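[1] with the input below, show me the fold.
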Amino acid sequence: MSNKYTATKAAAYVGYFVQAIVNNFLPILFIALQDVYGIGYEKLGRLIMFNFVTQMLTDVLTPKIVGYLGYRKSAFMCQLTAAAGLASAAVLPRVIPNAYIGIVISVIIYAFASGLMEVIISPMIEMLPTDNKSGNMSLLHSFYCWGQAVTTLGTTLLLRAFGYRGWTYIPLIWAVVPLINAFSFLKVPIVEPEPERKSDSFKGLVKSRRFRCFMVIMICSGASEIAMAEWASMFAQQALGVTKVIGDLAGPCAFAVLMGTGRVVYAKISERISYRKTLIAMSVLCTACYFVTAFVKIPVFALISCAVCGFTVSLFWPGTLSAGAESFPNGDAVMFSVFAMCGDIGCCIGPWLLGIIADASGLNAGFAVSSVFPIIMLVTAFLFLKEEKRGAVIEKG
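    The predicted structure is shown next:
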């Protein structure tokens with residue numbers, strides 16, 4: 001690939017870093033929000049739901065936005081909107097009488113930006129002239145993990161410095177990153193889709209059994225990843241009794257580092273291994289991690305299982321995007337928007353369901369119930385393998 005696209009890849013990597021910021025900084029502040037405003041588990045889980053419901057609705061709109069603005073202007077807009085949403089999280093809870101409503105409004109603003117990022121940045125990398133597209137996609141998504149780790153560590157340290165009541169300074173600091181990156185997208189070279197090529201429609205795509213299986217996998221992928229990532233810190237602190245710093249580092253931060261490591265490894269070997277067989281193995285390991293977290297009472301083992309879960313989910317999202325792009329080369333923004341919407345449905349349902357169960361029966365029970373998502377993915381992966389062994393993919397029916 002020509003070196004002229006190095007800056008394009010760098011801007012895309014930072015874009016995924018920004019997406020990690022907007023999706024992960026607030027859960028690290030959950031315990032502060034409980035302390036300052038008295039917000040319960042279910043309302044905290046609802047914040048995550050608002051985030052991913054907004055992203056899901058944005059996923060539906062993005063193909064038309066991209067068709068009207070193009071990839072460059074859309075990328076610029078999503079970075080600026082992310083900066084505005086993060087800045088509003090610093091301001092609105094202070095000026096609106098009901099601080100929770102202010103937080104919700106801020107979440108919706110930056111979630112819109114995150115939804116745009118998910119749909120436009122992945123195809124921007126996919127359209128670059130390169131051979132190892134699956135590896136490049138996995139490497140791109142690894143920057144979400146590094147962003148998650150840095151966000152977790154940075155937010156934890158900043159919260160320690162500012163105190164619970166100074167939490168609003170933290171999103172203002174993070175807003176600097178997308179504000180700077182927005183202007184990068186105005187300068188870097190971007191490959192736009194060929195105008196004469198006809199893209200697949202959603203109606204045509206959804207007729208394929210294989211495409212529907214990808215949709216199920218994306219839903220379960222989002223749920224399996226975000227349920228553990230969003231609740232690991234509070235679980236470590238309240239169920240295992242460790243300090244917040246240790247809980248954040250051993251929970252979501254370690255989760256993100258191992259998830260990023262898994263994606264870098266997959267980027268190196270993706271052309272030599274079977275996506276579906278790896279998906280089965282990782283689904284089994286992910287289920288085991290949820291069980292250990294839920295039922296093992298020894299804190300060190302439960303924390304290790306939270307972290308290892310990050311490695312097990314590393315393939316799910318980028319591997320499925322690449323497999324989908326290979327199977328449906330004319331899917332373009334429509335396919336990526338559907339996959340992103342399905343992933344966001346899972347990201348919405350997973351942590352929200354865990355929060356509901358946690359309110360009723362405790363966090364351990366919440367993790368036990370959440371194991372259903374990797375189990376469903378495991379069953380779907382077996383269906384994939386049966387089709388693959390028969391040597392033909394059933395496209396309709």
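[2] any idea which helix or strand in this protein has the lowest mean pLDDT?
    helix 244-248 (a mean of 71; mean pLDDT, DSSP states H and E).
[3] CA atoms of the following helix or strand past that one as PDB?
    Downstream of helix 244-248, the first helix or strand assigned by DSSP states H and E is helix 254-269. Output of helix 254-269 as PDB, limited to C-alpha atoms (Å, rounded to 0.1, in the frame of the first residue of the first chain):
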ATOM      1  CA  ALA A 254      -6.600  -5.200  31.900                       C
ATOM      2  CA  PHE A 255      -9.600  -6.300  29.800                       C
ATOM      3  CA  ALA A 256      -8.800  -3.700  27.200                       C
ATOM      4  CA  VAL A 257      -5.100  -4.500  27.100                       C
ATOM      5  CA  LEU A 258      -5.800  -8.200  26.500                       C
ATOM      6  CA  MET A 259      -8.500  -7.400  23.900                       C
ATOM      7  CA  GLY A 260      -6.000  -5.200  22.100                       C
ATOM      8  CA  THR A 261      -3.300  -7.800  22.300                       C
ATOM      9  CA  GLY A 262      -5.700 -10.400  20.800                       C
ATOM     10  CA  ARG A 263      -6.600  -8.100  17.900                       C
ATOM     11  CA  VAL A 264      -2.900  -7.400  17.100                       C
ATOM     12  CA  VAL A 265      -2.200 -11.200  17.200                       C
ATOM     13  CA  TYR A 266      -5.200 -11.800  14.900                       C
ATOM     14  CA  ALA A 267      -4.000  -9.100  12.500                       C
ATOM     15  CA  LYS A 268      -0.700 -11.000  12.200                       C
ATOM     16  CA  ILE A 269      -2.200 -14.500  11.700                       C
END
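[4] for helix 254-269, name the packing helices and strands.
    In terms of contacts (3 or more Cβ pairs under 8 Å, 6 or more residues apart in numbering; DSSP states H and E), helix 254-269 is packed against helix 133-162, helix 209-234, helix 299-312, helix 316-327. Any C-beta I mention is one placed from the backbone N, CA and C, and that applies to glycine too.
[5] relative to residue 260, which of these is closest?
    helix 133-162 (3.0 Å; Cβ to Cβ).
[6] and the closest one, what's buried?
    Residues of helix 133-162 classed as buried: 133-156, 158-159 (neighbour count, 16 or more other Cβ atoms under 10 Å).
[7] re the thing from before, distance from the least confident helix or strand of the chain to the middle of the chain?
    Counting by Cα atoms, centre = their mean, to the nearest Å, helix 244-248 is centred 21 Å from the centre of its parent chain.
[8] next SSE after the longest helix anywhere in the chain?
    Assignment by DSSP state H gives helix 41-95 as the longest helix of the chain. For helix 41-95, the following helix or strand on the C-terminal side (DSSP H and E) is helix 99-126.
[9] state the mean pLDDT of that following helix.
    Averaged across helix 99-126, the pLDDT comes to 90.
[10] got the buried residues for it?
    Those would be 99-100, 102-126, for helix 99-126 by 16+ other Cβ under 10 Å.
[11] what angle separates it from helix 41-95?
    Relative orientation of helix 99-126 versus helix 41-95 (axes from the mean of the first three to the mean of the last three Cα atoms, to 10 degrees): 100 degrees.
[12] returning to what we had before: nearest to residue 270, out of the helices and strands packed on helix 254-269?
    So among the helices and strands packed on helix 254-269, helix 133-162 is nearest, using Cβ to Cβ, at 4.1 Å.
[13] output the contacting helices and strands for that closest one.
    Secondary elements touching helix 133-162 (3+ Cβ pairs under 8 Å, 6+ apart): helix 6-28, helix 99-126, helix 169-174, helix 244-248, helix 254-269, helix 316-327.
[14] tell me who's in contact with residue 245.
    By Cβ atoms under 8 Å, 6 or more residues apart in numbering, the contact list for residue 245 reads 156, 160.
[15] mind redoing it with 10 Å?
    153, 156, 157, 159, 160, 237, 253 (Cβ atoms under 10 Å, 6 or more residues apart in numbering).
[16] and which of those residues is nearest residue 24?
    When the contacts of residue 245 are compared against residue 24 (criterion: Cβ to Cβ), the nearest one is residue 253, at 9.9 Å.
[17] what's the separation between that closest one and residue 281?
    To residue 281, residue 253 is 25 Å away according to Cβ to Cβ, to the nearest Å.
[18] neighbour count: those two, which is higher?
    residue 253 (27 against 16; other Cβ atoms under 10 Å).
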